[in-house]
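**Student:** need a 3D model of the following:
(one chain, ligands or ions: 1)
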Amino acid sequence: MSTPQLVVHRDKELMAQAAAARLITKVVDAQAARGSASVVLTGGRNGNGLLAALASSPARDAIDWSRLDLWWGDERFLPEGDPERNVTQARAALLDAVPVDPKRVHAMPASDGPYGTDVDAAAAAYAEELAAASGPEDHGDVPTFDVLMLGVGPDTHVASLFPELPAVRETERTVVGVHGAPKPPPVRVSMTLPAIRAAREVWLLAAGEDKAQAAAIALSGAGEVQAPAAGAYGRGRTLWLLDSAAASRLPRALYPPASP
Ligand SMILES: O=C1O[C@H](COP(=O)(O)O)[C@@H](O)[C@H](O)[C@H]1O
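**Tutor:** Numbering: from 1, shown residues only. So this is what the prediction gives:
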């Protein structure tokens, strides 16, 4: 487990731009070191803000997009192309504008796909896809992702792991179907905490006043069942990227020295 590090930016636009720059560097470094890179994307406002900032950065061309695997931490279980699907939003924000290899874009199944409306079968299939992509150098049935990003919800949810629901208690499976999510749509597919913790780096994104309480709770010693964001950490690094509004209720002791 890595102790969370915090970086606080002035506002959500600067946070998105700085996180995009950070991601470009991380991917370029991983490709130089290991030949390819793997990144887990998140949905939500902050995740899509980062992708849009990446799309507008001239430095995006430093990435070899053909040597990048993209995965998702969660998905809203809706028909292919639904505007509320995380993959649809990621395509609109970035992926349609860059030369990704379609075989390396690992979208989670849709509700009109091969598993129909059986979300548990869809989740099991994604778990198999992850297992097939992992090698002996990995720690179990998921690849060692270079960066796994998570938007933090106002209720402290990450991916589709909501407080107190069974998915956040999962200790064996890497991907599960989620039923009865309090945020629409109620049926979702989500990586679990064990899968999230396989990543080299986990980045939690929180911008806006409505995330302030969640950040304060998750970073103040809450349990992961009550505050799933508290249970999300990477093997080598756990990084909270915040704007000043989301950081406004953090205990002073947690506030990074260089922040405003
Ligand atoms: O529904 C979801 O919400 C979270 C957080 O979204 P935000 O809009 O409050 O930032 C997101 O990270 C997750 O991927 C998504 O499915």
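**Student:** how about stretch 16-25, does it reach the ligand?
**Tutor:** No. For stretch 16-25, no contact with the ligand is found by CB under 6 Å from any ligand atom; the gap never falls below 11.5 Å. Bear in mind the C-beta positions are built from the backbone N, C-alpha and C, glycine included.
**Student:** now for Gly135: which residues touch it?
**Tutor:** Pro143 (CB atoms under 8 Å, 6 or more residues apart in numbering).
**Student:** ramachandran angles for it?
**Tutor:** Gly135 adopts backbone torsions of phi -120, psi -180, taken as degrees, to the nearest 10.
**Student:** need the per-residue pLDDT for it.
**Tutor:** At Gly135, the model reports a pLDDT of 89.
**Student:** for it, give its distance to the ligand.
**Tutor:** According to CB to the nearest ligand atom, to the nearest Å, Gly135 and the ligand sit 27 Å apart.
**Student:** with Gly44 instead?
**Tutor:** Distance from Gly44 to the ligand, by CB to the nearest ligand atom: 2 Å.
**Student:** what parts of the stretch 101-250 of the chain come near the ligand?
**Tutor:** So far as CB under 6 Å from any ligand atom goes, the stretch 101-250 of the chain lies against the ligand at Leu150, Gly151, Gly153, Ala159, Ser160, Lys183.
**Student:** who are the contact partners of the fifth one?
**Tutor:** Read that as Ser160. Asp74, Glu75, Arg76, Ala167, Val178, Ala181, Arg188, Val189, Ser190.
**Student:** what sits up against stretch 217-230?
**Tutor:** 4, 6, 150, 152, 156-159, 161-164, 168-169, 193, 204, 214-215, 231-232, 240, 250-251, 254.
**Student:** kindly check the end-to-end length of it for me.
**Tutor:** 8 Å (CA to CA, to the nearest Å).
**Student:** pLDDT on that stretch, on average?
**Tutor:** pLDDT averaged over stretch 217-230 gives 97.
**Student:** look through the stretch 101-250 of the chain and state the residue closest to the ligand.
**Tutor:** Among the residues of the stretch 101-250 of the chain, Gly151 lies closest to the ligand, at 2.7 Å counting by CB to the nearest ligand atom.
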